[in-house]
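1. model this:
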Amino acid sequence: MALVPSSLLFRTRPTISHFHLRLNPRYNSIRSIQTTPVVFPNLGKIHPASSMATPWQIRVPATDTGLLRWAQTDESAAKVSELLQKDLESHHVFFNAEGFHNHTVHLLLSLYATGASPDVLEQAYAENHSYQIKAMNTHPDVVKELKSGWSADCPYLGKGKHYPDFLKFFQDEIEEKGWEKVLLEYVFKGDERSEAIYGRLFAGFLHPLIQLMYGIEWHQPAIVAEGLAQAAVHENRVGAFLTKVEQAASSQSQSSQRTPLPKLFESVKQYSEKLATSAQYGDSNKVYDGVFVRAPDEALEYLKRIRVGEDELEERLAEMVHSCAYVAATAAFHPPNVPKFDFFLIHHLNSSPFFVTLLSFPWLTPAQKARILEWKIRLDIVQYIARGCPPLRLDALKSFTPKDSAVAAVTKPEDLLSRFHEILDDGHTIKVVRAFFIAQKLSQKFADRPWIRIKDDETWLKMHQVLLQSTEGPQEPSLWVRSAGFDDAWQNVPKEADGKL
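-> I've put the predicted structure just below:
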């Protein structure tokens with residue numbers, strides 16, 4: 001029986017009691033994390049980690065903190081390597097029978113990337129270790145069968161119990177060929193087998209893609225294997241839909257006039273009320289039971305206009321990342337309720353660094369890069385529609401004033417990092433923080449473009465401040481709102497005026 005029922009891949013995740021937050025007496029002071037200017041060098045070159053890490057051993061050097069390239073210590077590098085190794089050897093990819101994802105890799109590397117100390121890393125791991133499912137043994141006969149060759153109709157695809165089998169398979173493949181060649185063969189080759197993995201990367205709120213993201217960003221073969229194995233045990237319904245959109249788009253000529261991506265989010269209701277209202281709050285699965293059932297043709301027609309030219313990759317990448325940050329931050333406002341980020345929309349922001357790294361690799365063709373970016377942008381819009389097309393209130397973001405005077409007094413978001421590090425959740429918060437920094441950096445080069453919505457440093461700072469206020473300390477009913485476009489989703493969120501439910 002599959003560990004991830006298809007009906008659950010887009011289901012609202014319930015609040016988990018142990019994801020509580022603790023007040024810290026140091027909150028009345030702001031400690032700055034030591035940072036250096038963000039740069040995005042040629043990420044395709046060999047990292048220092050590459051000569052040390054193997055498909056079975058995770059080793060993260062202090063010289064590699066991912067895209068942000070902020071300073072870290074040897075002690076933190078040793079600690080994050082130790083804890084990631086424990087996760088690899090001790091935990092399954094899901095932590096319950098409904099297929100909720102193990103976020104340990106995301107949590108630890110996002111904390112590490114933003115300057116977390118060994119103690120912070122240790123506490124974060126301990127907070128999330130207790131509820132994980134133990135790693136399962138491989139099925140030797142299955143591994144042997146996979147090694148003999150498998151196809152797109154492999155009976156083990158989509159079944160969580162075979163995660164250890166696919167993990168062992170991809171570890172061995174990477175050991176023999178290198179992780180870059182394995183990605184080319186099993187994700188980007190374009191045959192039926194690679195398409196079966198390609199589509200599954202986009203399943204489960206992009207979690208397989210996010211897992212793979214940390215592997216390729218830090219050049220860790222073991223985490224690359226984890227990401228591919230995780231993709232293999234998801235279903236492929238999202239991939240099937242995006243393939244149909246791709247086929248429809250390829251049958252028409254590419255227009256020289258294109259709509260800025262933020263405008264596509266802002267204009268869904270104007271384009272089609274049927275599409276904009278295709279998801280209903282009562283749907284157990286607002287993508288599968290909503291958008292894909294009530295307005296599949298309208299969705300296809302709307303999404304097929306999204307094309308990425310091979311000569312515009314850099315700008316379209318920045319536009320995608322910027323748009324995800326803009327949508328996540330401005331959908332957080334639902335007056336008179338206090339601001340809350342949408343749990344589902346943040347996944348599309350948190351996954352965006354994957355494309356920053358991937359598009360830097362010289363061993364992928366421009367066509368391969370353009371295709372995967374198109375898929376991501378199309379799914380971003382599907383998810384926005386599934387969340388009820390929440391209004392994007394940029395004015396509310398710009399006028400936001402933090403309640404905490406210490407937070408209001410900071411002049412740059414880096415000064416809030418120590419407080420973000422104190423938030424004990426499963427990693428979603430610090431992933432948003434990291435993605436905001438990356439989005440701001442990517443946007444700077446294109447400040448004069450019509451798709452720019454966040455135009456100044458003050459607004460970027462406010463995005464961090466809103467996030468901190470909505471996740472720090474006790475939060476009722478939870479850290480996140482789920483499906484922000486529906487009034488029902490805000491029913492139990494406190495009101496701004498009196499702070500009461």
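
2. where does the stretch 201-350 of the chain have low pLDDT?
-> Low-confidence segments of the stretch 201-350 of the chain (pLDDT under 70): 256.

3. Run through the helices of the stretch 101-250 of the chain in chain order.
-> Applying DSSP state H, counting those that start in this stretch to the stretch 101-250 of the chain gives helices spanning 104-113, 118-129, 140-147, 163-177, 179-186, 192-200, 207-217, 221-232, 237-250.

4. What residues sit buried inside the last one?
-> What that stands for is helix 237-250. Within helix 237-250, the residues scored as buried using 16 or more other Cβ atoms under 10 Å are Arg237, Val238, Gly239, Phe241, Leu242, Val245, Glu246, Ala249. The way it works is simple: take the backbone N, C-alpha and C, and place the C-beta from them, glycine included.

5. Show me which helix or strand of the protein is least confident by mean pLDDT.
-> Lowest mean confidence among the helices and strands of the chain (mean pLDDT, DSSP states H and E): helix 118-129, at a mean of 90.

6. excluding its backbone neighbours, what's nearest Trp451?
-> Take Trp451 and drop its neighbours on the chain: the residue closest to it by Cβ to Cβ, 6 or more residues apart in numbering is Pro260, 3.7 Å away.

7. got the contact list for the one you found?
-> Neighbour list for Pro260: Glu319, Arg449, Pro450, Trp451 [criterion: Cβ atoms under 8 Å, 6 or more residues apart in numbering].

8. Let me have those residues in a markdown table, extended by distance to Glu122, neighbour count and secondary structure.
-> Compiled in a markdown table, the contacts of Pro260 are given as follows (distance: Cβ to Cβ, whole Å; neighbours: other Cβ atoms under 10 Å; DSSP: H, G, I helix; E, B strand; the rest coil):
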| residue | distance to Glu122 | neighbour count | secondary structure |
| --- | --- | --- | --- |
| Glu319 | 39 | 24 | helix |
| Arg449 | 43 | 13 | coil |
| Pro450 | 46 | 11 | coil |
| Trp451 | 41 | 21 | coil |
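
9. now, among these, which is nearest to Gly204?
-> For the contacts of Pro260, the minimum distance to Gly204 (Cβ to Cβ) is 25.1 Å, reached by Glu319.

10. check contacts around that closest one.
-> The neighbours of Glu319, taking Cβ under 8 Å, 6+ apart as the test, are Pro260, Leu261, Phe446, Arg449, Trp451.

11. thought the fourth one was touching Arg316?
-> No: counting by Cβ atoms under 8 Å, Arg449 sits too far from Arg316 to count as a contact (10.8 Å).

12. Nearest to Leu228 among the buried residues of helix 237-250?
-> When the buried residues of helix 237-250 are ranked by distance to Leu228 (Cβ to Cβ), Gly239 comes first, at 14.6 Å.

13. Tell me if I'm right that that closest one and Tyr198 touch.
-> Yes: contact criterion Cβ under 8 Å: Gly239 and Tyr198 qualify, at 6.7 Å.

14. Helix or strand: which one has Arg434?
-> Using DSSP states H and E, Arg434 maps to helix 428-444.

15. Name the residues of stretch 144-152 that are buried.
-> By neighbour count on 16+ other Cβ under 10 Å, the buried set for stretch 144-152 is Glu145, Leu146, Trp150.

16. Tell me the pLDDT of the last one.
-> Trp150 is assigned a predicted lDDT (pLDDT) of 96.

17. which ones are touching it?
-> By Cβ under 8 Å, 6+ apart, the contact list for Trp150 reads Tyr156, Arg193.
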